[in-house]
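Enquirer: need coordinates for the following:
(chains A and B, ligands or ions: 1)
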Amino acid sequence: MKLIETDVLVIGAGPAGSSTAKHAALNGAEVILIDKKSEIGSPKRCAEGVSKEGLKKLGIEPNSRWVTKELSGVRLISPNGTDVWMKEDQVKLPEAGYILERKVFDKFMAMDAARAGATIMIKTLARGMRKDYEGYIVSCESMGEDFEIKAKIVVGADGPESRVGRWGGLKTAVKPKNMESGIQFEMVGLEMEDPDVIEFYFGSVAPGGYAWIFPKGDDIANVGLGIVSTVTDKSAYEHLVEFVKNCPATQNAQPVELNVGGDPVGGMTKNLVKDSLMIVGDAAGHVNPLTGGGIITALEAGMYAGEVAAAAVKEDNYTEKRLKEYQEICKIEIGDSFDKYLKTKDYLLSLSDSDLDSIAAAFQDTEFENISTKELIKLLIKVSPKALLKLGKLF
Amino acid sequence: MIVKEYCMYCGECAGVCPHCLIEVRETSIDFNEEGCKDCGICIQVCPVKALAKED
Ligand SMILES: Cc1cc2nc3c(=O)[nH]c(=O)nc-3n(C[C@H](O)[C@H](O)[C@H](O)COP(=O)(O)OP(=O)(O)OC[C@H]3O[C@@H](n4cnc5c(N)ncnc54)[C@H](O)[C@@H]3O)c2cc1C
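Expert: Numbering: from 1, shown residues only, chains lettered A, B, ... in the order given. Take a look at the predicted model:
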């Protein structure tokens, strides 16, 4: 059987994999990046929202080919329709951002990896792997051909499926209570109160999660929701159909696309490395447990993973001990804040629809100055004695 | 496992399978039925309810 050798094999060309491949290649490693899909980025499994700050931190310049909308505010809607508006002309919104076109964005990120020197193989499925004295041999299949790739370091960037980590002995199976089932229509003909504002709907409309409308154009938006299957008998699809039927903005809207996908919201996986193995992005639980957002953290963790992998190659040291540097950076930069968001999410999910309505009403009477996720939680603590009790020490 | 025609191959089932028995390709899905312990978690999480147990 054909055997290809490389320093680093990255499995999965989503944001996490492309970023890992780019940074490993930029730092001198020989890199192969594979994806089972025939088109990187498609089908999208995402509402496509990112913060401007996040992209800036990673040195990624916004590009008109993949930014569909620049946002100017946020609208939070409680179960009885009480809404809280936060607009950029009245409050500072450090996390306001863009809605992307992921099908284009993901391809751009992969192109950056290729320009940095990585070899990309599309329509290439990793099927399993075995340990070799120095690294792993991964069984692959592409266009009917079986072959193997031998790598000193394998990076599992295989998204919520996260099988690569498990092949290497990491515990990446997600418990159903920690897997948000996401579903979304991209729709046209929306009548939004403000098409530059993203909307979040809370409560029993989406048990275990929330519903969203993320605008991509004046009358175009991703309309979706995430639920946790352990707290509802209905499917995510049934919840979405009901939401679209009842939401004022979607009464005359038509779907042009249906997207589904799992979002692992249980926090960062404890162990991210083993000898010759690293995991990154959704595969490593690099998803904000409160918001479900994982694009920026996937790119960020990919940057750390690529840098550490390339350094390990230079030093000819692929041990777990060497690769742990990556895990430690992730813990400080990503994992620690996720622990707090996880606790906040658990608290929010314990609230009834009427609790949420009261909080929204209290927020309406509040003056906002500078709003980020953290500031919102601080405000929540201010207006709700119950929240103060549960979250006061964390924020 | 019965995979209904409208499965969208999102892979959520593969992520929760405690025994790593599900291989999702671009337009097909393979279950390693031999190792399956019938826990039903994959059926439960599917966003479009495209999976069902065989009778
Ligand atoms: C409905 C929904 C809405 C979301 N909305 C947002 C949002 O608005 N903002 C945000 O920041 N995040 C959002 N997320 C989360 C975000 O989409 C993910 O966190 C992000 O895509 C993670 O990137 P990744 O590279 O880790 O994984 P992915 O983007 O899932 O990429 C993994 C890649 O690995 C490939 N792969 C898997 N297995 C194999 C294999 N065996 N061999 C070869 N290739 C393989 C897949 O084909 C895929 O291309 C949302 C998620 C969902 C489900």
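Enquirer: between the two ends of stretch B:16-35, what distance do you get?
Expert: Start-to-end span of stretch B:16-35 (Cα to Cα, to the nearest Å) is 15 Å.
Enquirer: need the residues that contact that stretch.
Expert: Residues from elsewhere that reach stretch B:16-35, judged by Cβ atoms under 8 Å, 6 or more residues apart in numbering or on different chains: A:36-38, A:123, A:125, A:127, A:161, A:163, A:166-167, A:173-176, A:179, A:262, B:1, B:3, B:7, B:9-11, B:13-14, B:36-37, B:39, B:41-42, B:45. (Each C-beta comes from the backbone N, C-alpha and C, glycine too.)
Enquirer: these two touch, right, A:Glu134 and A:Lys152?
Expert: Yes - counting by Cβ atoms under 8 Å, A:Glu134 does reach A:Lys152; the two are 6.2 Å apart.
Enquirer: so how do I select the buried members of the contacts of stretch B:16-35 in PyMOL?
Expert: Those of the contacts of stretch B:16-35 that count as buried under 16 or more other Cβ atoms under 10 Å in any protein chain shown are selected in PyMOL with:
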select buried, (chain A and resi 36+37+125+161+163+166+167+173+174+176+179+262) or (chain B and resi 1+3+7+9+10+11+13+14+36+41+42+45)
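Enquirer: what about the residue in chain A positioned nearest to chain B, distance to A:Tyr136?
Expert: Closest to chain B within chain A is A:Gly262: 3.2 Å, counting by Cβ to the nearest Cβ. Distance of A:Gly262 to A:Tyr136, given as Cβ to Cβ, to the nearest Å: 25 Å.
Enquirer: go on, A:Lys150?
Expert: Look at A:Lys150 and A:Tyr136: by Cβ to Cβ, they are 7 Å apart.
Enquirer: do the same with B:Ser28
Expert: Distance, B:Ser28 to A:Tyr136, using Cβ to Cβ: 25 Å.
Enquirer: those two: who's more crowded?
Expert: Neighbour count, other Cβ atoms under 10 Å in any protein chain shown: between B:Ser28 and A:Tyr136, A:Tyr136 has more, with 23 against 10.
Enquirer: quick check: closest non-adjacent residue to the residue of chain B found nearest chain A.
Expert: Closest approach between chain B and chain A, counting by Cβ to the nearest Cβ: B:Glu12, at 3.2 Å. Spatial nearest neighbour of B:Glu12, excluding adjacent residues (Cβ to Cβ, 6 or more residues apart in numbering or on different chains): A:Gly262 at 3.2 Å.
Enquirer: isn't that neighbour right next to A:Val174, touching?
Expert: Yes - with contact defined as Cβ under 8 Å, A:Gly262 counts as touching A:Val174 (7.4 Å).
Enquirer: mutual contacts of the two, please.
Expert: With contacts taken as Cβ under 8 Å, 6+ apart, A:Gly262 and A:Val174 have A:Pro160, B:Gly15, B:Val16 as neighbours in common.
Enquirer: burial count for the last one?
Expert: Other residues within reach of B:Val16 by the criterion other Cβ under 10 Å amount to 28.
Enquirer: shouldn't A:Lys245 be within a helix?
Expert: Yes - under DSSP: H, G, I helix; E, B strand; the rest coil, A:Lys245 sits within a helix.
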